[in-house]
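> Sequence unavailable; structure follows:
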């Protein structure tokens, strides 16, 4: 499989690797890469998408912890969805794809 030319990054790292790493620790690495990377739209898109998606999932999981029984069940399901999304988003970023999730992808596209 050919690697796409995703342009240069201002941090001296391959764009696909930087995009993958923006998902590594969820919204935390998303914020870091969004702040540090000034030029590359691909990296900034994935960093912003990471902030939006995993920021939302983090807030949702905190809220669910306050709900007895029902919150535990939903929290577990949310965790499963989070892990699956995390893996898919990292793979797509490494493959050089602008993999855009509904809503979060639109926000990321506008702010990258």
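Looks like it arrived, so ask away. This one's a predicted model, so the numbers in the text were calculated from it and none came from an experiment.
> my guess is residue 96 contacts residue 17, does it?
No: between residue 96 and residue 17 there is no contact under Cβ atoms under 8 Å: 10.4 Å. The C-beta positions use only the backbone N, C-alpha and C, and glycine is treated the same way.
> Comparing these two, which shows the higher neighbour count?
Taking neighbours as other Cβ atoms under 10 Å, residue 96 and residue 17 compare with residue 96 leading, 18 against 14.
> Could you check how many residues crowd around residue 88?
13.
> Excluding chain neighbours, what is closest to residue 93?
Among residues not flanking residue 93 along the chain, residue 19 sits closest, at 3.7 Å (Cβ to Cβ, 6 or more residues apart in numbering).
> May I see the buried residues of stretch 92-101?
92-94, 96, 98-99, 101 (16 or more other Cβ atoms under 10 Å).
> give the contact list for the residue nearest to residue 93.
Residues counted as contacts of residue 19 (Cβ atoms under 8 Å, 6 or more residues apart in numbering) are 6, 33, 42-43, 45-47, 93-94.
> From residue 91, how far off is it?
Residue 19 is 11 Å from residue 91, where distance means Cβ to Cβ, to the nearest Å.
> And for residue 31?
21 Å.
> Look at residue 44 and say how many residues are nearby.
The number of residues packed near residue 44 is 22, by other Cβ under 10 Å.
> Correct me if wrong: residue 27 contacts residue 48.
No: the pair residue 27 / residue 48 is not scored as a contact, 10.1 Å apart, by Cβ under 8 Å.
> any low-confidence regions in the protein?
Counting by pLDDT under 70, the chain has low-confidence residues at 1-4.
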